[in-house]
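Enquirer: Kindly return the folded structure for what I paste below:
(chains A and B)
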Amino acid sequence: MKKALVVDDDEDFLFQEKKALEALGYSVETAGGRMEAMAKLENYKPDLALIDLMMEEKDSGFVLAHHIKKIKPAIPVILVTAVTSETGIQFDMDSQGAHRWINADAMLVKPVRVEQLKTAIEKVMA
Amino acid sequence: MKNTALTLWIVDDEPAMCQGVLRVLEDFRVVFDDLGETVNYKVASMESGEAFLEKLDSGQSPDLLLLDGKLPGKDGIEVLSLMGKKRQQIVTVMITAYATLANAVSATKLGAFDFLAKPFTPAELRHAITRATREIILTRRARRLEQEKRQVRFEFLSVLAHELKSPLAALEGYVDILRMEPETDCLDRMSARINGMRKLIIDLLDLTAIESGRRPRNLLDEDIVAVAGHVVTNNAQAAKAGGITVNVTGETVCIMKADRSELEMLLGNLISNAIKYNVNGGRVTVNISEQPGKVVLSVADTGIGIAKEDQARLFGEFARIKNSRTKGIEGSGLGLSIVSRIVGLYGASIALTSEADSGSSFVITFPCLAQDT
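Expert: Residues are numbered from 1 along each chain as shown, chains lettered A, B, ... in the order given. Coordinates of the predicted model:
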């Protein structure tokens, strides 16, 4: 069974993302923030990471994604965020500029529907 | 003191008049002590209404206009009527040798602010300019204030929209999950989100009712001790869930002129906060004491406390303190905002003493409650 790490400070989304991933056949480990996730990653090697962007700090997700790509470059990382509706900042993951500094394979806008998550996972795991 | 330079144009066909005005206003400075502003003028003159309108068309315009009523070609009244939208932005003082009532009425209808009858003395000119300048400053300030209010309203609405959207998004997510796996146990979570959203809407209604001043106040002799007891009973379940003891101490009866539902809102918010932000097995003490000319209410808890840097913004809207200790605690972020508004209605004061990890104490002092507030 493939393993997924889900990191989000919102308990509802954490619960929902876990359920959705389980339905897609993953065993899921959760963390409520960047620090907790980093601690878990010391002896846990997921096949996929789903990370909220704004947690303890506004850019916790970027920092965590960077950390994962540094220690385990092969793990696909999906960033999940409500940053655009909360701050108006837009990220275009398809642009070359964004790819240079955002260490993630995909970015999804909250609220994420199960179907969207499924499509994104298929894309990054391919 | 703030220094402002205003542009003043004089439109008059008599060169002597223009020169006279230029001379009088050359080093003229108005000091508005009450407004904290000093004003000086950059003066220019034009000999005809056409020349003035041409300048307006080219995008230039003065803050203050001295406009002669009797001009060759287009006269003063005609010029005023042709100024279009600019009329509202320029404070105009009409100069005329024919200071008749009819003239004054038509000029005022067209937006002239004042009249100066020819011949006038330098003192009369300075006086008219001073009056017009005060008008300019006050209008600008009112406009700025309106702008700021709009900004605050907009920010409030955008945060509110976000706060309303979040629980909906969470509920939508649960519905998705239930569709996928009808057996999933998430009904309690859904209920919690619905209750949170309802509390937000109720708080919002309370806040806007108080803020608009439209809520009828029913000031009667109320026993604040009894109201506190009632509110404690209403919160008993939440207290029990956290193993928290709530006591009402001090007076056994304390009558004050108050609106009962306002007291309930005030005590309700303070007591439910004291329970919510407490530690397991903690205490909440509501104390009411009657002192000469005042009633002092305090709500103290043994909870997680509020860090110094967070205390200042605590009473603002949606000022929820987010840290690891407050994680998972539900709240609309409007409770203390409502409290501070009610405190204001009674001319009361509120003081907070708190330290992180050792609890908070809110003390409200109601003045002179023997008389009507």
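Enquirer: Can you find the helix or strand in the chain with the smallest mean pLDDT?
Expert: No chain in the question, so chain A it is. helix A:96-101 (a mean of 60; mean pLDDT, DSSP states H and E).
Enquirer: my question was about chain B
Expert: helix B:101-109 (a mean of 75).
Enquirer: Downstream of that helix, the next helix or strand is which one?
Expert: The first helix or strand that comes after helix B:101-109 along the chain, using DSSP states H and E, is strand B:114-117.
Enquirer: what does the strand or helix carrying residue B:264 contact?
Expert: For residue B:264, the host element (DSSP H and E) is helix B:260-276. Residues from elsewhere that reach helix B:260-276 (C-beta atoms under 8 Å, 6 or more residues apart in numbering or on different chains): B:206, B:210, B:217-218, B:220, B:222, B:224, B:227-228, B:230-232, B:234-235, B:238-239, B:242, B:244, B:246, B:284, B:286, B:297, B:299-301, B:303, B:329-331, B:335-336, B:338-339, B:342-343, B:345, B:360, B:362, B:364. (C-beta placed from N, C-alpha, C; glycine too.)
Enquirer: Now intersect the residues you listed with the helices, please.
Expert: B:206, B:210, B:224, B:227-228, B:230-232, B:234, B:238-239, B:335-336, B:338-339, B:342-343, B:345 (DSSP state H).
Enquirer: what stretches of the chain score poorly on pLDDT?
Expert: With no chain named, the answer covers chain A. For chain A, the stretches with pLDDT under 70 are A:83-102.
Enquirer: Let me rephrase: I mean chain B.
Expert: By pLDDT under 70, the low-scoring segments of chain B are B:98-101, B:322-325, B:327-328, B:369-373.
Enquirer: Domains in it, by residue range?
Expert: Chain B breaks down into these domains under automatic domain parsing: B:2-145, B:217-367.
Enquirer: Not counting sequence-adjacent ones, nearest residue to residue B:106?
Expert: Of all residues not flanking residue B:106 in the chain, residue B:77 sits nearest, at 5.5 Å (C-beta to C-beta, 6 or more residues apart in numbering or on different chains).
Enquirer: Now do the SS call for that neighbour.
Expert: Secondary structure state of residue B:77, per DSSP: H, G, I helix; E, B strand; the rest coil, is helix.
Enquirer: List the contacts of it.
Expert: B:69, B:103, B:106-107, B:110.
Enquirer: ok, residue B:251 to residue B:318 distance?
Expert: Separation of residue B:251 from residue B:318 (C-beta to C-beta, to the nearest Å) stands at 35 Å.
Enquirer: Same check on residue A:107?
Expert: Counting by C-beta to C-beta, the gap from residue A:107 to residue B:318 is 27 Å.
Enquirer: Who has more neighbours out of the two?
Expert: Each of residue A:107 and residue B:318 has its neighbours counted (other C-beta atoms under 10 Å in any protein chain shown); residue A:107 has more, 22 against 16.
Enquirer: backbone phi and psi for that one, please?
Expert: Main-chain dihedrals, residue A:107, degrees, to the nearest 10: phi -130, psi 130.
Enquirer: Surely it and residue A:79 touch.
Expert: Yes. Using C-beta atoms under 8 Å, residue A:107 is in contact with residue A:79, at 4.6 Å.
Enquirer: circling back to that earlier point, would CSV of the domains of chain B with distance to residue B:168 be doable?
Expert: Output for those, formatted as CSV (distance: least, C-beta to C-beta, whole Å):
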stretch, distance to residue B:168
domain B:2-145, 35
domain B:217-367, 15
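Enquirer: nearest to residue A:113, of those?
Expert: domain B:217-367 (24.9 Å; C-beta to C-beta).
Enquirer: Get me the contact residues on chain A for chain B.
Expert: For chain A, the residues found near chain B under the criterion C-beta under 8 Å from any C-beta of the partner chain are A:9-13, A:15-16, A:19-20, A:23, A:32, A:85-86, A:110-114.
Enquirer: Can you say which of those residues are buried?
Expert: A:9-10, A:12-13, A:15-16, A:19-20, A:32, A:85-86, A:110-112, A:114 (16 or more other C-beta atoms under 10 Å in any protein chain shown).
Enquirer: Which single one of those residues is nearest to residue B:161?
Expert: Distance to residue B:161, by C-beta to C-beta, is smallest for residue A:85 among those, at 9.2 Å.
Enquirer: I figured residue B:134 hits residue B:34, correct?
Expert: No. Look at residue B:134 against residue B:34 with C-beta under 8 Å: they stay out of range, at 9.3 Å.
Enquirer: Same drill for these two, tell me which one is more crowded.
Expert: residue B:134 (17 against 6).
Enquirer: got the contact list for that one?
Expert: Residues near residue B:134 by C-beta under 8 Å, 6+ apart: B:32, B:35.
Enquirer: phi, psi of it?
Expert: Phi and psi for residue B:134, reported as degrees, to the nearest 10, are phi -60, psi -40.
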